[in-house]
Each structure stands twice: as C-alpha cells, then as structure tokens.
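Novice: What would the 3D arrangement of this be:
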Amino acid sequence: MFIEERKSRGHVYLWLTHKGRVNGKSVRLFSVYLGPKEAFIEHIDDIKRSIKPETKIYTYDFGLPVVLMKMVQRLDLINIINECTTKRAQGLSVGHYIVLATLQRCIKPQSKVHIRKWFHSTYLQQFFPEITTYLDSMAYTNHYPYLTEDAIEQIETRLVEKLHTEFKVELKELFFDPTNFFTYTNPRRDNQTLFGHGHSKEGRHTLNLVNFSLVCTRDGGIPIMHCTYSGGTHDAAHFKKQYPKILARLKKLRIEAPTVILVFDKGNISPEVFQALDESGVLWVCSVRPSSHKDLAALTSDEFPMFELPNQKTIGVLEKERPMFSKEAIEKSSVPEYKNPARRLIIQYNPERAKWNGKNLITKLQARIDTINDFFKGADQRLARPQKFPKWKNKVAVEKKIRKIITEQGKEHYLKYITYDVKSIQSSTDDDLQVQYEIGLKKDALESHLKTLGKSYFMTNHPTLTGAEIIWLYRQQFTVEHAFRYLKSPDSLRIRPMWVHTNESVRGYILTCVLGLLLLTLTVREVREAFPEYGFSTILELLSEIEVAEIKFSGSNRTIRKLVEISPDAKKLADFYRLEQAL
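Specialist: Residues are numbered from 1 along each chain as shown. The predicted structure is shown next:
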C-alpha cells in the first residue's frame with residue numbers, strides 16, 4: 001500500500017493505492033482518493049500528530065479514595081454534616097471540608113498544609129465541585145468552630161440511624177473504653193481546657209494529654225459514639241458523665257435498654273455508675289480488680305472446671321455471687337443509699353496466662369538474687385568487702401541489705417519465695433569475723449503459689465449467659481482496643497501528634513479521625529464478608545495499590561482512563577467494587 005500522485009489540469013492529487021498479484025500479474029486492487037497535494041502539505045503537522053499524537057499521562061490514587069467515597073455517599077455524610085451545622089451557602093460547605101479531611105486521614109494522613117496537593121493527586125476530583133476557594137490549614141481552622149458538641153452529637157445520631165438501616169449493623173453488644181494521646185501543645189489561654197496532665201497510656205508523662213472515649217459495636221468494631229474531654233480526667237469520673245449520654249443515644253434510636261449488653265473494664269466502675277445501670281435496665285459485663293476479692297486469691301487451678309472457647313482455647317471457669325462494692329466504698333461514694341445487690345462473679349483461670357505469670361515471677365525473683373550476688377561478690381559467695389568496708393563485717397547489716405534488695409519497689413511479698421541465711425564465721429587467716437550468706441528460692445512455697453496464678457475476675461447482671469460465654473464476650477473488648485490502635489497508627493489515621501490548639505479545633509480534628517475510622521471499619525466489614533482471609537491492613541494495602549492512568553491527547557479533548565497493572569488480590573477487590581465502572 002502506497003500514496004500515488006496523479007496529475008490533472010496542472011494539479012497534483014494524492015491517492016492511497018494498494019496493488020497485488022493476480023494470476024502472476026501486478027494489478028491495482030483498490031485506490032482511495034485523499035485530496036490535493038497542496039492541502040496535505042499545509043496540514044502536514046496535524047497529520048503527523050494524528051498518526052503519532054503527543055500525549056500527557058497522569059496517575060491518580062484510585063482504589064481506596066473511590067471505595068471510601070462510595071461509603072461517604074451511602075452514608076449521605078456530606079448532607080448530614082451540612083444539615084447539623086449552621087454555615088451559610090458560601091464556597092465549599094462544612095460537609096465538603098470535613099469529608100475531605102476525613103478521607104485524607106484515611107488515605108495519606110498529613111498536615112492540612114498539603115491537603116490541596118494531596119487532593120489533586122487522587123481521583124476524588126471527579127466527586128467534588130471545582131474548588132476555587134482556599135483549601136489549607138486556615139480553612140479548617142475557620143470551619144472547625146461549626147462542629148459544636150451539639151452538632152457532633154446530632155451527626156453521630158444520624159449516622160447510627162444509617163448504620164442500623166442501610167448497613168444492618170448490630171447494636172446489641174457495645175464496648176466502651178477511654179484512652180488519651182499526647183500533644184506538644186502548652187495551653188496559654190483559659191479556653192484551652194482540653195489539655196491536661198495525667199497518666200499517659202503511651203508513656204509520655206511530661207506532655208499534655210487529650211482524652212477521648214469510644215463506643216464501638218461488636219459487629220465490625222464500628223464506632224458509633226465518641227467524646228473528647230480534658231486530659232488527666234479519671235476514667236471512672238468520665239464514665240459517670242458519659243453513661244447517661246449512651247442511654248439517651250439508644251433511646252433516640254428506639255433501642256430497648258434490656259436488649260443491649262454494655263461491656264467496659266474495671267477502670268470505669270463506681271457505685272454511681274452501677275446505680276444508674278440498675279435504674280436503666282441495661283445488661284452489662286465488666287472486669288473487676290483481684291484486690292476486691294482477696295479471699296479468692298488462694299483458689300488453685302485444680303478447682304476450676306475447664307471449658308473450650310470458640311477459638312479452641314481452654315480456660316477454667318467458676319461462678320459465685322458477690323456484692324459489687326464493699327460497705328466502705330459505698331459510704332465514701334456520693335450514693336450511700338445504694339443497695340449494692342449481689343452480682344454474678346465469674347472467675348477465669350487461663351492456663352496460658354498462668355504459665356506466663358509464673359515464668360515472669362521466677363525471672364524477677366532470680367533477678368533479685370542476682371542483684372544480691374553482684375553486690376556481695378566473692379569466691380564461694382564469701383564476702384570480700386569487709387577489709388575495705390567494715391560495715392559488712394556486721395551480720396545484721398548484711399541481713400538488712402539483703403532484705404532491702406528483695407523488697408525494693410514495694411515487693412515485700414517476694415520474701416515468701418526467697419530464702420536466705422547469713423552466718424558469722426571466724427577467718428582462717430586472722431582473728432577477724434567474716435560474714436557468709438546463702439540465698440535461693442523456696443521451691444515448695446513457690447510451687448504452691450504458681451498454682452494460684454492466671455486468674456481474672458468479671459461481674460455481670462446478665463441472667464442467662466453462661467460463665468464461659470461472659471468471658472468470651474468480654475474478650476471481644478479487643479474491637480475497641482484495635483480501634484485505638486488504628487487511630488494512633490502512623491500508617492492509617494495517625495491521631496497523634498496533633499497540631500491544633502483551641503477546643504473547637506481539637507474536637508473537629510478528632511471528629512475527622514473518628515469519621516475516618518468509621519469509613520475504614522465499614523469498608524473492612526464489607527470486604528471481609530466476601531473475603532474473610534483478608535485483614536484490616538491487607539485490605540487497605542490492596543485498595544491503595546489500585547491506581548488509574550489518565551492519558552490526554554494534545555490538540556483534542558480526547559481522554560483515556562485505564563487501571564494500571566495490579567496484583568491478583570487487588571484485582572479481586574477492584575472487581576468486588578466494580579471500580580472500572582467509576583472511570
């Protein structure tokens with residue numbers, strides 16, 4: 001096939017000609033008229049571009065942004081936020097700003113200084129109106145005040161209704177737990193009341209803390225309620241204030257109190273809370289401190305009937321009836337008239353925990369013995385220091401020192417399991433007295449004690465669940481603990497460190513983190529129904545792997561979008577969410 005020139009009346013015309021052999025002779029099979037040669041020369045550059053066009057290729061984060069945005073649309077999150085806040089129609093709405101911040105925390109958590117650059121690197125541009133207003137940290141500083149405590153409560157209530165109706169999330173078993181995170185903020189104004197000092201759960205005791213609590217469902221670990229409050233506030237004091245809000249939230253959702261089981265840990269209990277629990281009719285399960293039932297400390301493993309949990313682990317379970325608080329504890333509380341009825345006390349014996357506790361105890365006891373031996377170094381454990389330190393010629397002084405090392409840091413009970421004997425002997429080389437000691441473990445006492453380890457205690461007012469079922473339910477508390485782990489992870493939501501300072505900004509910032517947790521846990525819950533072998537981190541990694549390439553042709557409006565090559569596992573999720581249809 002070739003281009004053929006033909007002359008006619010002084011002009012040259014171009015034909016596209018194709019020749020072939022027929023019966024051994026070369027013949028013209030067909031010719032197609034192309035036009036005058038002059039016209040082709042005038043438009044030669046355009047023709048070249050059409051044959052080999054210049055292109056620009058862009059790549060965008062696609063999988064995770066699109067899946068999360070679909071979740072936002074199903075929740076109607078933007079409209080819910082807008083309807084619960086009071087900003088007038090001007091530029092981007094509060095809902096748009098908060099959803100963008102939420103998605104950024106899920107996909108690439110970083111400072112709001114970079115949010116515009118991040119936004120343009122994702123496929124989210126297709127879901128948002130053109131952003132002509134400013135999009136930076138100052139924009140969020142100006143919009144966080146719209147998220148008042150009442151507005152946040154309304155937003156969460158509306159979202160829980162959606163979870164209950166649209167996603168069929170079960171609200172029968174709820175887990176409550178508080179935590180805190182450190183900040184680098186030093187409050188300089190009276191209105192910065194959310195910062196305070198206290199026990200940092202991350203070990204940063206010199207920094208100011210912000211506390212917040214979560215209520216999560218057992219079904220998927222979905223956060224349905226949170227509260228931001230002053231750092232340093234005791235857990236039990238916060239639960240007294242938060243529990244009525246949990247009840248009010250359930251009432252708004254028309255969920256009957258007796259159908260809900262509330263699970264919380266021993267740090268939140270108080271007589272006031274249990275009086276309110278009794279009056280509300282809510283069923284509950286909580287852990288209690290071993291020190292509140294010292295008479296049961298002597299129970300040994302032989303006294304526990306063994307049961308198998310759903311995860312195939314074996315535990316021992318005993319059940320007794322006990323009041324929740326001592327008479328003295330009730331008298332000290334603000335509700336001395338509380339009746340304090342008997343509760344179901346579930347005692348768990350965990351063989352694995354007992355083994356670990358025993359090994360840990362022996363290690364610590366041996367460390368005390370090694371410390372003593374290091375202090376009194378000498379051949380055959382004979383004290384070599386008397387020549388330099390006359391104090392150690394005294395038997396009483398040596399005994400006092402040994403006892404002090406054993407009981408350091410309040411470990412007086414270590415004396416039950418370590419035996420020592422100090423003797424004064426005559427030196428073979430002179431008339432001075434020398435001191436010799438022997439030290440070791442009391443094997444009989446230690447073995448008896450090891451049989452009592454591995455116990456933990458739970459209380460409940462649930463009338464029908466067995467002891468093993470109560471323990472298994474409490475073990476699901478890991479759902480809210482995992483939620484805190486995701487919030488504090490540097491790879492997912494990264495709630496800390498926090499660089500906002502006012503109360504309004506802190507509440508708004510934490511709301512975006514909790515909403516991010518909501519979107520991620522809903523996504524993971526949905527994917528795991530189809531692919532139970534994938535975990536939280538794996539699902540996020542696979543969705544993050546999915547990118548789209550956009551090819552634009554110069555000189556035309558033509559655009560091609562294609563998914564880049566991805567792994568087979570990522571392809572499963574792309575097909576599951578039908579992501580190619582979103583292009």
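
Novice: from here on, contacts and neighbour counts on C-alpha atoms
Specialist: Fine.

Novice: any weak-confidence spans in the protein?
Specialist: Counting by pLDDT under 70, the chain contains low-confidence residues at 43-53, 336, 378-392, 426-433, 555.

Novice: okay, which residue is most central for this structure?
Specialist: The central residue of the chain, meaning the one whose C-alpha is nearest the mean C-alpha position (C-alpha atoms, centre = their mean), is Tyr486 at 2.3 Å.

Novice: okay but that residue is in contact with Val480, surely?
Specialist: No: judged on C-alpha atoms under 8 Å, Tyr486 makes no contact with Val480 at a distance of 9.8 Å.

Novice: what's in contact with the helix or strand containing Asp374?
Specialist: Asp374 belongs to helix 351-375 when assigned by DSSP states H and E. Taking contacts as C-alpha atoms under 8 Å, 6 or more residues apart in numbering, the residues outside helix 351-375 that touch it are 314-315, 381, 402, 405-406, 414, 417-418, 439-441, 450-451, 453-455.

Novice: again with stretch 516-533
Specialist: With contact meaning C-alpha under 8 Å, 6+ apart, stretch 516-533 is reached by 67-68, 71-72, 102-103, 105-106, 220-223, 483, 486-487, 493, 534-536, 539, 573.

Novice: which of these are buried?
Specialist: Neighbour counting over the contacts of stretch 516-533 (16 or more other C-alpha atoms under 10 Å) leaves 67-68, 71-72, 102-103, 105-106, 220-223, 483, 486-487, 493, 534, 539, 573 as the buried ones.

Novice: So which of those residues are in helices?
Specialist: Among the buried ones among the contacts of stretch 516-533, the ones falling in helices (DSSP state H) are 67-68, 71-72, 102-103, 105-106, 483, 486-487, 539, 573.

Novice: Helices of the stretch 251-400 of the chain, start to end?
Specialist: Assigned by DSSP state H, counting those that start in this stretch, the stretch 251-400 of the chain shows helices spanning 271-280, 327-332, 351-375, 395-406.

Novice: Distance to Leu207 added to those, as CSV?
Specialist: Formatted as CSV, the entries for the helices of the stretch 251-400 of the chain read as follows, by distance: least, C-alpha to C-alpha, whole Å:
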stretch, distance to Leu207
helix 271-280, 30
helix 327-332, 32
helix 351-375, 31
helix 395-406, 33
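
Novice: who wins for proximity to Glu4 among those?
Specialist: Nearest of the helices of the stretch 251-400 of the chain to Glu4, taken as C-alpha to C-alpha: helix 351-375 at 89.1 Å.

Novice: Could you figure out how far the closest one is turned away from helix 395-406?
Specialist: Helix 351-375 runs at 140 degrees relative to helix 395-406, counting by axes from the mean of the first three to the mean of the last three C-alpha atoms, to 10 degrees.

Novice: ok, which stretches of the stretch 451-583 of the chain are helices?
Specialist: Counting by DSSP H, counting those that start in this stretch, the stretch 451-583 of the chain has helices at residues 467-475, 478-488, 503-530, 536-545, 568-576.

Novice: would CSV of these with distance to Gly267 be doable?
Specialist: Below are those laid out as CSV (distance: least, C-alpha to C-alpha, whole Å):
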stretch, distance to Gly267
helix 467-475, 14
helix 478-488, 14
helix 503-530, 23
helix 536-545, 28
helix 568-576, 41
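
Novice: Please identify the most buried of those.
Specialist: Highest mean neighbour count of the helices of the stretch 451-583 of the chain: helix 503-530, a mean of 21 (counted as mean count of other C-alpha atoms under 10 Å).

Novice: got the angle between it and helix 536-545?
Specialist: What separates the directions of helix 503-530 and helix 536-545 is an angle of 90 degrees, with the same axes, to 10 degrees.

Novice: Could you give the separation of helix 503-530 from the chain centroid?
Specialist: Relative to the mean C-alpha coordinate of its chain, helix 503-530 is positioned 10 Å out (C-alpha atoms, centre = their mean, to the nearest Å).
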